[in-house]
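S.K.: Structure, please.
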Amino acid sequence: MSRYIGLLNSLPAPLLCEMIGRAGYDFIVLDLEHLLVSPDQLQHAIRACELGGCEPWVRVPEVDVKLIGRVLDAGAKGIVIPRLETVDEAMRAVSAARFPPLGRRGITGGRVTGFGQIGLNEYIETANRQIRVIPMIESAAGVAALSEILAVPGISMVLEGALDLALDLGLGPNPTHPDVWTALQRIAERCRAAGVAFCANPRNDEQREHWVKQDITWWLAGEDRGVLQTALRNHLSVLRKN
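M.R.: Numbering: from 1, shown residues only. Below you'll find the model as predicted:
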């Protein structure tokens, strides 16, 4: 069974994005929610993802119709919406990412059409079919509304956000709390019932083994900052021995 594995990009550097893609990851989530990234930085990061052979997804701060349009015009292949909680938010996100008659995204030329090499009709058809709209469920309200959110046409996938969910539930920064784990399993079950992909972000071996048994095909393998910090510490630890 194929697995599609990605990383959250917490260190905004196009060269790092290219390296992650060359390492074999399938997608990168470029973050506009927690990072101060300029339009030029984002554009270069998207290009670097393309060069590295992985899909560039962009996590926007909220359902901002104009920002979503500009990010897609820059070449993003997926829009990640943090802390999505309502059907209205889901519908507005899909509408912002889809051209009429499926949505209200405005059309422009530029790099997404190869500067005119791809006809507008062809691009519209391809974009409406392939652009991913991915809500993150990170709150009790989002869990409660999930069945209705999943029924919105155009929702491509759901990404879990265990850390913020733990905070929202009053459990502190504890993404592996049993109550959070129960909620994540409920999210995955509802996605399966609705025929919508679920993207897991396992925090330990137990969670990883569970999602493997559930045949989950989409995985977020944490963030590049954590992966690099762990690798650096381990490398230094080996050199300091003896």
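S.K.: In contact with Leu159, which residues are there?
M.R.: By Cβ atoms under 8 Å, 6 or more residues apart in numbering, the contact set of Leu159 is 80, 134-137, 199, 201, 220. All C-beta spots, glycine's among them, are computed from the backbone N, C-alpha and C.
S.K.: can you pull out the strands in this structure?
M.R.: Using DSSP state E, the strands of the chain run over 4-9, 27-31, 55-59, 78-81, 132-137, 157-160, 197-200, 218-223.
S.K.: Rebuild those as JSON lines, extending it with distance to Asn234 and mean pLDDT.
M.R.: Shown next, in JSON lines, are the strands of the chain (distance: least, Cβ to Cβ, whole Å; pLDDT from 0 to 100):
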{"stretch": "strand 4-9", "distance to Asn234": "18", "mean pLDDT": "98"}
{"stretch": "strand 27-31", "distance to Asn234": "23", "mean pLDDT": "98"}
{"stretch": "strand 55-59", "distance to Asn234": "28", "mean pLDDT": "98"}
{"stretch": "strand 78-81", "distance to Asn234": "29", "mean pLDDT": "98"}
{"stretch": "strand 132-137", "distance to Asn234": "30", "mean pLDDT": "98"}
{"stretch": "strand 157-160", "distance to Asn234": "27", "mean pLDDT": "98"}
{"stretch": "strand 197-200", "distance to Asn234": "24", "mean pLDDT": "98"}
{"stretch": "strand 218-223", "distance to Asn234": "15", "mean pLDDT": "97"}
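S.K.: would you list the contacts of Leu159 in a markdown table and tack on distance to Gln117 and neighbour count?
M.R.: As requested, the contacts of Leu159 are exported to a markdown table (distance: Cβ to Cβ, whole Å; neighbours: other Cβ atoms under 10 Å):
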| residue | distance to Gln117 | neighbour count |
| --- | --- | --- |
| Val80 | 28 | 27 |
| Ile134 | 28 | 22 |
| Pro135 | 33 | 29 |
| Met136 | 34 | 22 |
| Ile137 | 38 | 30 |
| Cys199 | 32 | 25 |
| Asn201 | 37 | 22 |
| Leu220 | 33 | 20 |
